[in-house]
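# compute the structure for the input listed below.
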Amino acid sequence: MTRRRFIPVHDRGRVLIDLAVMLTDGGESISDIGVLRHQSDALGPVASAPTVWRTLNEVTAGKRKKIQVARARTRRHVWSHLPGGVPASKCAGRDLGATIVLDVDATIVVTHSEKEHAAPTYKRTFGYHPIGVWCDNTTEFLAASLRPGNAGSNTAADHIDVLGQAIAQVPANHRRELLIRSDGA
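Now for the predicted structure:
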């Protein structure tokens, strides 16, 4: 997240980490970053909400790819240190062993005002229809695609795109046996 000839007060990578911590802690909006600021003795300096917005605006497609690579590298390191290895997933009460299970699902996110890329949904609401992928073995969120509310539930191209991103997050030595589940109602 570095830029030439620009040294920000808050390192942009650190701002993104603080944002992830805030979301994990239950934050729902950028202004919730203030909760972390109250814990600065433990966490160090935390950026303001405007700085978080500026950081997010600086994330280009190239930087997003670098972030994905860094996440995958970190996941590979963490998975290699799991006591007993990656936990087995279960399906119909049966232990799936070394199989990595990826769950794909879309949901409706309702907005109450005109937001960028929001659109009417098939449920007669207004908002977004993001699609995400989670690893059932570790309950980790792997990838997502923010889509307008009128995006189709079963759009193959969207599923393929988000699955490609998710599979890239799974360490290579665990990609031999994948099971992909989708809520195909």
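# ranges for the helices of the protein?
12-24, 34-37, 40-43, 49-57, 61-80, 156-169 (DSSP state H).
# mind putting those helices into a markdown table with mean pLDDT, distance to residue 96 and mean neighbour count?
C-beta: built from backbone N, CA, C; applies to glycine. Listed next are the helices of the chain as a markdown table, based on pLDDT from 0 to 100; distance: least, CB to CB, whole Å; neighbours: other CB atoms under 10 Å:
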| stretch | mean pLDDT | distance to residue 96 | mean neighbour count |
| --- | --- | --- | --- |
| helix 12-24 | 86 | 27 | 17 |
| helix 34-37 | 86 | 38 | 15 |
| helix 40-43 | 79 | 38 | 9 |
| helix 49-57 | 90 | 37 | 15 |
| helix 61-80 | 93 | 16 | 13 |
| helix 156-169 | 94 | 17 | 16 |
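# looking at those helices, which is nearest to residue 142?
Proximity of the helices of the chain to residue 142 was assessed by CB to CB; the nearest stretch is helix 156-169, lying at 3.9 Å.
# wait, residue 142 touches residue 169, no?
Yes - between residue 142 and residue 169 there is a contact under CB atoms under 8 Å: 4.4 Å.
# ok, the most centrally placed residue in the chain - contacts?
Closest to where the C-alpha atoms of the chain average out (CA atoms, centre = their mean) is residue 143, at 5.0 Å. By CB atoms under 8 Å, 6 or more residues apart in numbering, the residues touching residue 143 are 132-133, 162-163, 165-166, 168-169.
# measure it to residue 163 for me?
From residue 143 across to residue 163, the span is 8 Å (CB to CB, to the nearest Å).
# residue 44: neighbour count?
11 (other CB atoms under 10 Å).
# ok, it - contacts?
Taking CB under 8 Å, 6+ apart as the definition, residue 44 has no contacts.
# right, I'll call it a day here.
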